[in-house]
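# what's the 3D shape of this:
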Amino acid sequence: MSLLARQRQELILAEIRERGAVRVSDLAERFGVSDMTVRRDLDVLARRRLVDKVHGGATAPGETSAEEPEFAVKAGRQRAEKEAIADAAAAFVEPGATIGLSAGSTTAALAARLLEVPELTVVTNSMAVADVLSGGRPDRTVVLTGGIRTPSEALVGPVAVAALRSLNLDVVFLGVHGMTTASGFTTPNLMESETDRALVEAAHRLVVVADSTKWGTTGISTIAELGEADVLVTDSGLDPDARAVLEAEIDRVTIAPVRS
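Next comes the predicted model:
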């Protein structure tokens, strides 16, 4: 039996509160309705200020361009997508490489995939990444920048920037808060943006790791333009139109299949 609009909206709201974000296409498939019906439901919830509409879906309300979620909150969102992205991104790490990992829940998931890579040197401003990679292999070196700690477990500020500007990295894996054509890759934290830019500038190659819900979201500060990325690794939930836009700007867009 089909659900009433009010029942469907309550279920949508419950999922957003649990996951932090939803996609229109996923909801349409789940409820057996059209994308337009789901968008109308989201319009209703948005007018009631219960959700924030974004490109292709909706997120929990209150995360403005300058509001930064805590690491534990971010880690609980889009888990399957982040795991798929981490699997795909690990293929870009060669034994013996010197890499950078920015702060973020997706880069922390990637760090877990690198535990068996030999002779790896990892530079990071992420306490979570450092925790994942500390100990274990004697041939692995982890360099943790100093700095001021943010809610996302990042170390930022002049100490971190100074440390990064003296380094040369083969590749940097950058997690972001949002990505749009107009603003590029962004973060809600001004100091983290400066630190991330220093990390990007230290690398010969930039790989951005961002789940599909980041498309259409804009943080207060730009880290890099879309075209500065050599590779974007995202998940199969990315809207086809968004994929076309990103592929026009970035040399390689890798789509990681999400396990059901």
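# can you pull out the helices in the protein?
5-19, 24-31, 35-47, 71-75, 79-89, 105-113, 127-133, 158-164, 190-201, 240-249 (DSSP state H).
# pLDDT weak spots in this structure?
Counting by pLDDT under 70, the ranges of the chain that qualify are 1-2, 18-20, 54-55, 61-77, 260.
# coming back round to it: export the helices of the chain to JSON lines and append columns for mean neighbour count and distance to residue 121.
Every C-beta, even on glycine, is put in place using the N, C-alpha and C of the backbone. Below are the helices of the chain laid out as JSON lines (neighbours: other C-beta atoms under 10 Å; distance: least, C-beta to C-beta, whole Å):
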{"stretch": "helix 5-19", "mean neighbour count": "15", "distance to residue 121": "35"}
{"stretch": "helix 24-31", "mean neighbour count": "16", "distance to residue 121": "39"}
{"stretch": "helix 35-47", "mean neighbour count": "17", "distance to residue 121": "45"}
{"stretch": "helix 71-75", "mean neighbour count": "18", "distance to residue 121": "24"}
{"stretch": "helix 79-89", "mean neighbour count": "21", "distance to residue 121": "17"}
{"stretch": "helix 105-113", "mean neighbour count": "24", "distance to residue 121": "13"}
{"stretch": "helix 127-133", "mean neighbour count": "21", "distance to residue 121": "10"}
{"stretch": "helix 158-164", "mean neighbour count": "19", "distance to residue 121": "14"}
{"stretch": "helix 190-201", "mean neighbour count": "22", "distance to residue 121": "14"}
{"stretch": "helix 240-249", "mean neighbour count": "14", "distance to residue 121": "30"}
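# Tell me which of those helices sits nearest to residue 175.
helix 105-113 (4.6 Å; C-beta to C-beta).
# got the angle for the closest one vs helix 79-89?
50 degrees (axes from the mean of the first three to the mean of the last three C-alpha atoms, to 10 degrees).
# Residue 241 and residue 213, how far apart?
To residue 213, residue 241 is 15 Å away according to C-beta to C-beta, to the nearest Å.
# Same list (the helices of the chain) but as CSV, adding distance to residue 219.
Output for these, formatted as CSV (distance: least, C-beta to C-beta, whole Å):
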stretch, distance to residue 219
helix 5-19, 20
helix 24-31, 22
helix 35-47, 20
helix 71-75, 13
helix 79-89, 18
helix 105-113, 15
helix 127-133, 19
helix 158-164, 18
helix 190-201, 8
helix 240-249, 17
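# wait, which of those is closest to residue 221?
The closest of the helices of the chain to residue 221 is helix 190-201. By C-beta to C-beta, the value is 3.7 Å.
# Now do that closest one: which elements does it pack against?
strand 155-156, helix 158-164, strand 171-175, strand 184-187, strand 221-224 (3 or more C-beta pairs under 8 Å, 6 or more residues apart in numbering; DSSP states H and E).
# Alright, calling it a day.
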